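Undergrad: Below are the sequence and a predicted model for it; my questions follow.
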Amino acid sequence: MKKIFALLMAAVLTAGMLFSCGEKKEEVTVADDDFKLGVILLHDEASTYDLNFIEAVNRAAEALGLTEAQVIMRKNIPEGNECYEAAADLVDLGCDVIFADSFGHEDYMIKAAKEFKDVEFCHATGTKAHTENLPNFHNAFASIYEGRYLAGVAAGMKLNEMMAADETIVPKMGYVGAFTYAEVMSGYTSFYLGAKSVCPAVTMEVQFTGSWYDENEEKNAAIALMNNGCVLISQHADSMGAPSACEERNVPNVSYNGSTVAACPNTFIVSSKIDWTPYVKLICESKMNNVAIPADWTGTIETGSVVLTDVNTKAAAAGTVEKVAEVRAKLISGETKVYDTATEGFITVGGEALTSYMADVDTDAEFKGDTEVVKDGYFHESEYRSAPYFDVQIDGITLLNAKY
């Protein structure tokens, strides 16, 4: 029998957790060949979002010594009862842990968790684990707002370089978003604030597509933003639509979920992403060792869950690598906070400082705020649950439309 010795569960198990994961053990148990991981994906490798998950699962499987037969993926699973059916099928195939990657999968994963109590169901980007209190249902996300802030710093430096070279340049960025949800709003706001931290005059416009993956709509949105005077584009959408439009027009681009430098060598600056490898390893090791999986887990820069690609020095401003490294260190130490409400003028709403906000942390049908999240000089994003809840419309960012 092949034996897989699980790694000692130290930093990965403890860093970034919102809830207790049980007692850490020095001695670990051994997994048999019959251990299986099931993965449910909204799309396939053509989506940068899903590809990021696929690559993370493969890295984790390799680190754990899992064979191809022990990792079963179900791709192109819609956010409907098809997700429950896929989960039930994976249970029938002997999966011990099942992981789904899309927000709309959550209710169907909960349905499956209630039925198949001996299987662990883990869900990325969801909001309900900490209120459902099911022992075998778990949410996870990461402090990706810190990664987007760092990417915004790179964008702001590029704007400064462009303005220094051409005094007619107006520092206006464009952002292609999928939906007007807290996850997207948190992302574009942190990106904007990163840029503002080095380029105070920056403004930004956001165009939503109403889809996580629609290459034509994303490309058209990027073109519309460029036609409206945006001189740098970023996005929270899953295709090559926006990056390819930028390359065609020679407009700098900050991507998401992976490098696009191969296809866009002249315009790609940097990309932030969540690396799901630590979490996939954690949930598998936890099941192997009979350790409770955290109900709601937040990965961080320190856990290796929030990462940036290499900076493309051909497109980035001089000094970007060094500046990003400097700011990254300050985020880790706590000296810099992404949603800094203490620094005068950094975050305002209607010209006024943001001093209080009741966020909808315990999500319900009415989406009413239930938790005060502004204190100690900053907005406490992803500290009271893993999935983002920052949905404040701050000054400096203009929404050109909305999609729910």
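TA: Yep, it's here. Nothing here was measured: the structure is a model prediction, and the numbers come from that model. Residues are numbered from 1 along each chain as shown.
Undergrad: and stretch 222-233, which residues are buried?
TA: Using 16 or more other CB atoms under 10 Å as the test for burial, stretch 222-233 gives 222-226, 230-233. (Each C-beta comes from the backbone N, C-alpha and C, glycine too.)
Undergrad: I'd like to know which of these are part of helices.
TA: Residues from the buried residues of stretch 222-233 lying in helices, with DSSP state H as the criterion: 222-226.
Undergrad: Ile77: which of the residues you listed is nearest?
TA: Ala222 (27.9 Å; CB to CB).
Undergrad: for the longest helix along the chain, what is the average pLDDT?
TA: For the chain, the helix that runs over the most residues, judged by DSSP H, is helix 144-165. Averaging pLDDT along helix 144-165 yields 98.
Undergrad: can you check stretch 183-195 too?
TA: 97.
Undergrad: next one: that stretch to chain centre, how far?
TA: 11 Å (CA atoms, centre = their mean, to the nearest Å).
Undergrad: Mind listing what's buried along stretch 39-57?
TA: 39-43, 47-57.
Undergrad: same question, stretch 322-339
TA: 323-324, 327-328, 331, 336-339.
Undergrad: roughly how far apart are the nearest residue to Ala100 once chain neighbours are set aside and Asn139?
TA: Leaving out its chain neighbours, the residue that sits closest to Ala100 by CB to CB, 6 or more residues apart in numbering is Ile40, at 4.0 Å. Look at Ile40 and Asn139: by CB to CB, to the nearest Å, they are 15 Å apart.
Undergrad: Of the buried residues of stretch 322-339, which belong to helices?
TA: Using DSSP H, the buried residues of stretch 322-339 in helices are 323-324, 327-328, 331.
Undergrad: Show me where the protein has its helices.
TA: Secondary structure of the chain (DSSP H): helices located at 11-14, 48-64, 81-92, 106-115, 129-132, 144-165, 182-198, 215-227, 241-249, 277-288, 320-333.
Undergrad: Out of those helices, which is closest to Thr300?
TA: That would be helix 144-165 among the helices of the chain, by CB to CB, at 7.5 Å.
Undergrad: chain center to the closest one: distance?
TA: 18 Å.
Undergrad: Serialize the ones in helices among the buried residues of stretch 322-339 to JSON lines and add fields for pLDDT and distance to Ala178.
TA: JSON lines is the format used below for those (pLDDT from 0 to 100; distance: CB to CB, whole Å):
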{"residue": "Lys323", "pLDDT": "98", "distance to Ala178": "29"}
{"residue": "Val324", "pLDDT": "98", "distance to Ala178": "25"}
{"residue": "Val327", "pLDDT": "98", "distance to Ala178": "26"}
{"residue": "Arg328", "pLDDT": "98", "distance to Ala178": "26"}
{"residue": "Leu331", "pLDDT": "98", "distance to Ala178": "25"}
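Undergrad: Would you format those residues as a markdown table with distance to Val202 included?
TA: Putting these into a markdown table (distance: CB to CB, whole Å) gives the following:
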| residue | distance to Val202 |
| --- | --- |
| Lys323 | 15 |
| Val324 | 17 |
| Val327 | 16 |
| Arg328 | 20 |
| Leu331 | 19 |
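Undergrad: Cys284 is in contact with Val39, isn't it?
TA: No - if you go by CB atoms under 8 Å, Cys284 and Val39 don't touch, sitting 11.2 Å apart.
Undergrad: What about Glu167, how many residues nearby?
TA: Counted with other CB atoms under 10 Å, the neighbours of Glu167 add up to 6.
Undergrad: Next one: it relative to Asn76, how far apart?
TA: 49 Å.
Undergrad: Check Cys95 too.
TA: Applying CB to CB, the value for Cys95 to Asn76 is 18 Å.
Undergrad: got it, and Asp214?
TA: For Asp214 relative to Asn76 (CB to CB), the value is 15 Å.
Undergrad: coming back round to it: could you say what helices and strands the longest helix of the chain packs with?
TA: Contacts defined by 3 or more CB pairs under 8 Å, 6 or more residues apart in numbering; DSSP states H and E place helix 144-165 against helix 182-198, strand 232-236, strand 253-256, strand 268-274, strand 306-308, helix 320-333.
Undergrad: Buried residues, that helix. List them.
TA: Neighbour counts over helix 144-165 (16+ other CB under 10 Å) mark 144-163 as buried.
Undergrad: Does Thr277 touch Thr303 like I think?
TA: No - counting by CB under 8 Å, Thr277 sits too far from Thr303 to count as a contact (9.9 Å).
Undergrad: Could you find the closest non-adjacent residue to Phe121?
TA: Ala113 (4.2 Å).
Undergrad: Give me the distance between the one you found and Gly126.
TA: 11 Å.
Undergrad: These two: which is more packed in?
TA: For Ala113 and Gly126, the more surrounded residue by other CB under 10 Å is Gly126, and the numbers stand at 28 against 23.
Undergrad: State the number of residues packed around Leu90.
TA: 27.
Undergrad: any idea how far His138 is from it?
TA: Using CB to CB, one gets 16 Å for the distance from Leu90 to His138.
Undergrad: and if you look at Ser186?
TA: 21 Å.
Undergrad: mind putting the buried residues of stretch 222-233 in TSV, pLDDT and distance to Ala182 included?
TA: Compiled in TSV, the buried residues of stretch 222-233 are given as follows (pLDDT from 0 to 100; distance: CB to CB, whole Å):
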residue	pLDDT	distance to Ala182
Ala222	98	23
Ile223	98	27
Ala224	98	24
Leu225	98	22
Met226	98	27
Cys230	98	23
Val231	98	28
Leu232	98	24
Ile233	98	22
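Undergrad: Can you tell me which of those residues lies closest to Lys196?
TA: Leu232 (13.1 Å).
Undergrad: Could I get the contacting residues of the closest one?
TA: By CB atoms under 8 Å, 6 or more residues apart in numbering, Leu232 lies in contact with 155, 158-159, 162, 173-174, 251-254.
Undergrad: Please name the nearest non-neighbouring residue to Val321.
TA: That would be Val311: by CB to CB, 6+ apart, it lies 5.1 Å from Val321.
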